[in-house]
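Q: the following comprises the amino acid sequence and a computationally predicted model.
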Amino acid sequence: MGGAVAEVRPPACAIQVLGQPMESLPDGLFIPPDALEVFLEDFSGPLELLLWLIRRNRMDIRDIPVAEVTRQYLRYLHEARRRNLELAAEYLLMAAWLAEIKARMLLPAPVAAEDEDLDPRLELARRLEALALVQGQTAALNALPQAGRDFWVARPVAHHALPPTPPQVALTDIVQCWRQLLLDPPRKPLPVHTLTSAHMGLRQRMVVLLRICRRESRPCLLAELLPPLADRLALAVSLLAILELLRQQALALVEHESGGWRVVVNEQTGGSG
Amino acid sequence: MRERLLALLLSSGEPLSSDHLATVFGDDPDFTGWETALDALLTEGYGPLQLVFVAGGYRLRIHPCHNSLLARLHGETPRSLSKAALETLAVIAYQQPVTRPEIEHRRGVALSAQIMQQLQERGWITVAGHRETPGRPALWVTTPEFLEHFSLVSLESLPVVQTRNGGVHQDSPQDEAG
Amino acid sequence: MRERLLALLLSSGEPLSSDHLATVFGDDPDFTGWETALDALLTEGYGPLQLVFVAGGYRLRIHPCHNSLLARLHGETPRSLSKAALETLAVIAYQQPVTRPEIEHRRGVALSAQIMQQLQERGWITVAGHRETPGRPALWVTTPEFLEHFSLVSLESLPVVQTRNGGVHQDSPQDEAG
């Protein structure tokens, strides 16, 4: 019984032809018609076919009877060719390699050499052992419990929108910041002051607007009441002034016959003011 | 039966419709009463799980009471506040209730809407009303969450800040604005 | 505490390590005893859930007693891998980091791009760098998802496969190729 074959269950490929395990086939290379292609497709390549032959013949990978293995290997190839099956070039390459090994085996071994190193079968044995190991590892991997086959994981459960992560701030940061603001007050002009300055005052603007509306004594478009060529701040103050006048009911909004809204003086309350 | 139903729901990445569940359970007498179990799950939940009906099917959800814990796992890594946001927070904390123009006045720079939004999203500041002056500006205050986050019993427990020429900071900007 | 721990584990799509959990719970006195709760979950499970240690962390699974029911929902062994793909995965798992030519050498056949793509799509393999040899071939390794799928705690827990006159297979193909 061969030594180096990985200690695993039968060849990783449980070869079956038309439902029959390949092991039960007669030694005389009987392949049912149309089954050879299926049979060869089960192998990843020539190395695996070779490994399977060696195992079936219970040969030792470390001491391969090259002549016999080559004979069997070539019979598969010839059979395949006879049935016009397309074989990968790798299969022919392997045949060439086997022939080369066989030829070198016939040469007398140099007396002084260590036979291990010069055994022409060594590289083939290494390759076959590596493949046998891969097959063993594949079988071991496939035997592990697998998600979706042997167990199911709990899929991540949804949750509500989460509160944002609080920033890293200590109370001392806030206190320190406040102290700094107190010790070092801003020197720049203050926005609040700008609003109350003489030419931009809200109250003043309200008076001006009310005067314009009263003078025109007709419904005015909003655009007509806003100062022309004004900066953003002046526009904002004017708009604020109109809104405030509307809130105080000094002005009122009326719907115009041509559509849209117009601003008029509210005669009931603000008209006389 | 409840556990079987949960097993199905937990292993599924998408909501399961009644029809789908009915197909899985079939007429199998082992699985009678799954509809009752479904109803029970909908009303009672199961530990930290709630069952909700969404997108035409049933799906499990973590009960929102665990949100703050989940945020620790799934939330982005905390970043420090910008100086502008920190100053704004300091002004609101010490001067509340305070309007936006007053905050700008105190800091000497215009206040971006983004900062206010950021602080609001943190749940640290909120609008407590409006000042009855023209424009009725919103009055900003800190929230109970703010106190809780900084382990403050009340606003009175904010550390007192004194300056040499004390009292300057007591000037309420609302007097200036009024 | 058990429910809080469950909420975390349920919301996570990947195993959570002890370290990660410790970071989430921190020193917060509200969460003391989470280690005990974790141990209890490991031994007792929770309803249809069992807790396992896999890929360096804790992960919830459906108790295998529900497997036949779950197979009804998810279909029996969906999309099982081809023999070639499984062999390729085995070579990568046992020999990583490994280049494509080395995989081909081990298996004795050319490797189709399709197989590598399939394994990548499942999230089981990834490129971890390049070997500094001519052509700078990509070095393939397995991912944490691979460990999780095959119920492995770590790569060290891959089953040991020996040949009878052992040792020969230890020749790393990268030595031969390099």
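A: Received, thanks. Residues are numbered from 1 along each chain as shown, chains lettered A, B, ... in the order given.
Q: residue 91: what's it in contact with?
A: Assuming you mean chain A. A:45, A:46, A:49, A:77 (C-beta atoms under 8 Å, 6 or more residues apart in numbering or on different chains). No exception for glycine: its C-beta is placed from N, CA and C like everyone else's.
Q: um, chain B though
A: A:178, A:181, B:98, B:102, B:103, B:106, B:107.
Q: from those residues, which single one is nearest chain C?
A: residue A:178 (28.4 Å; C-beta to the nearest C-beta).
Q: the residue nearest to the closest one when sequence neighbours are not counted: how many residues sit nearby?
A: Sequence neighbours aside, residue B:90 is the residue nearest to residue A:178 in space, at 4.1 Å (criterion: C-beta to C-beta, 6 or more residues apart in numbering or on different chains). Counted with other C-beta atoms under 10 Å in any protein chain shown, residues neighbouring residue B:90 total 25.
Q: contact residues of the stretch 151-273 of chain A facing chain C?
A: A:151, A:152, A:153, A:154, A:155, A:156, A:157, A:159 (C-beta under 8 Å from any C-beta of the partner chain).
Q: show the pLDDT at the fifth one.
A: For residue A:155, the pLDDT comes out at 88.
Q: same deal with the first one?
A: If you check residue A:151, the pLDDT there is 87.
Q: quick one: the residue nearest in space to the middle of chain B from chain A, how far?
A: For chain B, residue B:123 is the residue whose C-alpha lies nearest the centre (C-alpha atoms, centre = their mean; 6.0 Å). Relative to chain A, residue B:123 is positioned 7 Å away (C-beta to the nearest C-beta, to the nearest Å).
Q: ok so that residue is a strand residue?
A: No: according to DSSP: H, G, I helix; E, B strand; the rest coil, residue B:123 belongs to no strand; its state is coil.
Q: which SSE is the nearest residue to it once chain neighbours are set aside in?
A: Closest residue in space to residue B:123, ignoring its immediate chain neighbours: residue B:145 at 4.4 Å, by C-beta to C-beta, 6+ apart. Assessed by DSSP states H and E, residue B:145 sits inside helix B:144-149.
Q: what packs against that helix?
A: Packing contacts for helix B:144-149, counted by 3 or more C-beta pairs under 8 Å, 6 or more residues apart in numbering or on different chains; DSSP states H and E, involve no helix or strand.
Q: list the buried ones in it?
A: B:146, B:147, B:149 (16 or more other C-beta atoms under 10 Å in any protein chain shown).
Q: where does the prediction get shaky in the chain?
A: Picked chain A for this. A:1-35, A:38, A:109-118, A:163-166, A:186-200, A:229-230, A:268-273 (pLDDT under 70).
Q: I was thinking of chain B, sorry if that wasn't clear
A: B:77-78, B:163-178.
Q: which parts of it are helices?
A: B:2-11, B:18-25, B:34-44, B:67-74, B:83-95, B:100-107, B:113-121, B:144-149, B:173-177 (DSSP state H).
Q: related to what we said a few turns ago, now the contacts of residue B:91 in a markdown table, with neighbour count and distance to residue A:58?
A: Shown next, in a markdown table, are the contacts of residue B:91 (neighbours: other C-beta atoms under 10 Å in any protein chain shown; distance: C-beta to C-beta, whole Å):
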| residue | neighbour count | distance to residue A:58 |
| --- | --- | --- |
| A:178 | 23 | 89 |
| A:181 | 20 | 91 |
| B:98 | 26 | 93 |
| B:102 | 25 | 96 |
| B:103 | 25 | 91 |
| B:106 | 27 | 94 |
| B:107 | 20 | 90 |
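Q: so which two of those are the farthest from each other?
A: Spatially, the most separated pair among the contacts of residue B:91 is A:178 and B:102, at 14.2 Å (C-beta to C-beta).
Q: got the contact list for residue 162?
A: No chain specified, so I'll use chain A. B:67, B:70, B:71, B:74, B:75.
Q: may I ask which of those residues has the most neighbours?
A: With neighbours taken as other C-beta under 10 Å, the top of these is residue B:70, carrying 23 neighbours.
Q: does it touch residue C:9 like I think?
A: No: the criterion here is C-beta atoms under 8 Å, and residue B:70 misses it with residue C:9 at 10.9 Å.
Q: measure the closest residue to residue B:106 other than its chain neighbours to chain C for me?
A: Spatially, and ignoring its direct neighbours in sequence, residue B:106 is nearest to residue B:91 (4.9 Å; C-beta to C-beta, 6+ apart). Separation of residue B:91 from chain C (C-beta to the nearest C-beta) stands at 31 Å.
Q: one more: residue B:146?
A: Taken as C-beta to the nearest C-beta, the span from residue B:146 to chain C is 19 Å.
Q: that residue reaches residue B:126, doesn't it?
A: No: counting by C-beta under 8 Å, residue B:146 does not reach residue B:126; the two are 9.2 Å apart.
Q: tell me how many other residues surround residue A:40.
A: Per other C-beta under 10 Å, the neighbour tally for residue A:40 reads 20.
Q: mind checking the SS state of residue A:173?
A: helix.
Q: what's the closest non-adjacent residue to it?
A: Leaving aside its chain neighbours, residue A:173 sits nearest to residue B:86 (6.0 Å; criterion: C-beta to C-beta, 6+ apart).
Q: now swap in residue B:142 and tell me
A: Distances taken as C-beta to C-beta, 6+ apart put residue B:93 closest to residue B:142, at 5.4 Å, once the chain neighbours are dropped.
Q: the residue nearest to residue A:173 contacts residue A:177, doesn't it?
A: Yes: here residue B:86 reaches residue A:177: they are 5.0 Å apart, a contact under C-beta under 8 Å.
Q: re the thing from before, contact partners for the residue nearest to residue A:178?
A: A:174, A:175, A:177, A:178, A:181.
Q: go again using 7 Å as the cut-off
A: A:174, A:177, A:178, A:181 (C-beta atoms under 7 Å, 6 or more residues apart in numbering or on different chains).
Q: how far away is the closest residue to residue A:170 other than its chain neighbours from residue A:172?
A: Excluding the flanking residues, the one nearest residue A:170 by C-beta to C-beta, 6+ apart is residue B:150, at 8.0 Å. The spacing between residue B:150 and residue A:172, counted by C-beta to C-beta, to the nearest Å, is 10 Å.
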